[in-house]
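A.B. asks: A structural model of the following input is requested.
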Amino acid sequence: MIELIQTPLFSILLTLVCYRLGEWVYAKSRRFPLCHPFIIALPPLTWGLMQAAIDFETYLAHTTAIHFWLGPATVALAWPLYRQLNTIGAHWHSIAAATLLGALIAMFTTVGVAALLNAPTEVLGSLAPKSITTPIAIEIVKHSGGYIALAAGAVAFTGIFGAVVAPPIMTLLGIHDPRVRGFTLGLVAHAIGTARAFEESEQAGAFASLALSLTGITTALLLPWLWPMIKPVLN
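C.D. replies: Residues are numbered from 1 along each chain as shown. Sure, this is the predicted structure:
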């Protein structure tokens, strides 16, 4: 039994069962934001891994099969995006500006606050890619000298927080355009925000997937280049 627990099969099954539980709770709550599947699934998954004495690096290696499907799932977002090409083409200047500004703000606001609190350089490097999807963030952290586990946790928290908080804030501010709502969710809350955007409409989901992709590319290009120049200032 102990040998089975330490295999990839256990980690994959535990992940799927916990997420399925999260989906069930989310549906029963009539999609109440604080009952998002990611939020519900995280505590039992963490508890199960702790009981099985499986650390994050081992869990990451065991669930490679799940990570693999993130690629095809991201590619599948191209279809709703294709259906919005005319709208995207008409506003590409605004989209490019919002992506660049949003990516820079997302990268350096949290890093700046953490630096003011005298956080170690490794922690700062872990927080910098918090607003992009996990596979890209992990690769970037390898260049910034951060901790992979902390980076993954920061990405997860950012996605959950953004998906829960952003929609009511936008509604309160009178922002109802699905293009703006979707792009904002994809930019600040990556994959989790994109899933939340698709719940609103296909158009919102398409613009969220666009923001998810563009922000990931922008951060992956800029952060490894900017980090060596910024790191001495933060120390």
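
A.B. asks: low-scoring stretches of the chain, by residue?
C.D. replies: Counting by pLDDT under 70, the chain has low-confidence residues at 1-3, 71, 74, 233-235.

A.B. asks: measure how far the longest helix along the chain is from the centre of its chain, please.
C.D. replies: Counting by DSSP state H, the longest helix found in the chain is helix 202-234. From the chain centre to the centre of helix 202-234 is a distance of 11 Å (Cα atoms, centre = their mean, to the nearest Å).

A.B. asks: what do you get for stretch 68-80?
C.D. replies: Taking Cα atoms, centre = their mean, the mean C-alpha location of stretch 68-80 is offset from the chain mean by 15 Å.

A.B. asks: same check, this time on stretch 113-123
C.D. replies: 21 Å.

A.B. asks: what about that stretch, start to end distance?
C.D. replies: 12 Å (Cα to Cα, to the nearest Å).

A.B. asks: quick check: buried residues in it?
C.D. replies: Across stretch 113-123, burial judged by 16 or more other Cβ atoms under 10 Å covers 114-115, 119, 123. Placement of C-beta: from N, CA and C, glycine included.

A.B. asks: contacting residues for residue 141?
C.D. replies: 125-126, 129, 147-148, 151 (Cβ atoms under 8 Å, 6 or more residues apart in numbering).

A.B. asks: pretty sure residue 100 is touching residue 218, no?
C.D. replies: Yes. Counting by Cβ atoms under 8 Å, residue 100 does reach residue 218; the two are 6.3 Å apart.

A.B. asks: neighbour count: these two, which is higher?
C.D. replies: residue 218 (20 against 14; other Cβ atoms under 10 Å).

A.B. asks: give the closest residue to that one in space, chain neighbours not counted.
C.D. replies: If the residues on either side of it in the chain are set aside, residue 218 comes closest to residue 103, at 4.3 Å by Cβ to Cβ, 6 or more residues apart in numbering.

A.B. asks: what about the helices in the protein?
C.D. replies: Using DSSP H, helices in the chain cover 2-5, 8-28, 37-51, 56-62, 64-68, 70-76, 78-82, 85-90, 92-116, 121-127, 134-144, 148-172, 178-200, 202-234.

A.B. asks: so which of those helices is the most packed in?
C.D. replies: Greatest average neighbour count among these goes to helix 178-200 (a mean of 25), per mean count of other Cβ atoms under 10 Å.

A.B. asks: who does that one touch, helix- and strand-wise?
C.D. replies: helix 92-116, helix 148-172, helix 202-234 (3 or more Cβ pairs under 8 Å, 6 or more residues apart in numbering; DSSP states H and E).
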